[in-house]
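Q: Quick one, structure for this:
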Amino acid sequence: MYNIYGGVFMNELGNIKIADDVVKTISAKAAQDVSGVYKLAGGVADEVSKMLGKKRLTNGVKVEVGEKECSVEIYIIVEYGYQISEVAQNVQKNVLTAVSTMTGLKVVEVNVFVQDVKILTDEYEEKHEDIEIV
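A: Predicted structure coming up:
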C-alpha cells in the first residue's frame, strides 16, 4: 500500500521521493515525441547553460511539484505545416499521460507556450541565407 505525503511516497519499506528533475525529464521526452514538435525552446537560464556548454534534455520545461500533484510548463517550437493548436493539445495529452503514469502524481495543468515555427525546407534556407538576423 502506498500513501503520498509531502511529495514523498511512503510504504512499509520507507519513503520514495521523486525529484523535480525527474518530472522535467519525463515531460520533455513526452513533448518531443509529439509529431510537429521541432524542439523544446529554452528560456534565458537555458540559453546561459547552452553557452556554458551544458546541454540539457529538460530545456524548455518548468515544473512545480506539490504534495500530491504537479503542474508543467512546456516551451516548444512547432514545425511549419502542422496545425499549432493540434500540436499543443497533443503535447498536453502526452505529458499528462506520461507524468501521471510514471510518477503517480496528479497533473493539474500542462501549459504549452509556442515560441516559434521552424521552416524545414532546403529551398527556404537557400532563398534566405543572405538575410542577416539582427
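Q: what ranges do the helices span in this structure?
A: 20-32, 44-51, 84-103, 122-127 (DSSP state H).
Q: export these to CSV and tack on mean pLDDT and mean neighbour count?
A: Quick note: C-beta positions are derived from backbone N, CA and C, even for glycine. Shown next, in CSV, are the helices of the chain (pLDDT from 0 to 100; neighbours: other Cβ atoms under 10 Å):
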stretch, mean pLDDT, mean neighbour count
helix 20-32, 96, 20
helix 44-51, 53, 12
helix 84-103, 98, 18
helix 122-127, 56, 9
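Q: give me every residue that touches residue 94.
A: 30-31, 33-34 (Cβ atoms under 8 Å, 6 or more residues apart in numbering).
Q: closest to residue 14 among those?
A: residue 30 (28.4 Å; Cβ to Cβ).
Q: How about the contacts made by residue 79?
A: Residues counted as contacts of residue 79 (Cβ under 8 Å, 6+ apart) are 36-38, 117-118, 120.
Q: contacting residues around the residue lying closest to it once chain neighbours are set aside?
A: Distance criterion Cβ to Cβ, 6 or more residues apart in numbering; nearest residue to residue 79, sequence neighbours excluded, is residue 38 at 4.7 Å. Residues near residue 38 by Cβ under 8 Å, 6+ apart: 76-79, 118, 120.
Q: Equivalent analysis for residue 98, please.
A: 26-27, 29-30.
Q: quick one: pLDDT of residue 120?
A: On the pLDDT scale, residue 120 is placed at 83.
Q: Kindly report the same for residue 15.
A: pLDDT, read off for residue 15, is 77.
Q: if I look at it, how far off is residue 71?
A: Using Cβ to Cβ, to the nearest Å, residue 15 is found at 23 Å from residue 71.
Q: Check residue 59 too.
A: 18 Å.
Q: So which of these two has more stuff around it?
A: The neighbour count for residue 59 versus residue 71, taken as other Cβ atoms under 10 Å, is higher for residue 59 (20 against 17).
Q: Can you read off the backbone torsions of that one?
A: phi -60, psi 130 (degrees, to the nearest 10).
Q: just checking, residue 42 touches residue 62?
A: No - contact criterion Cβ atoms under 8 Å: residue 42 and residue 62 do not qualify, at 10.3 Å.
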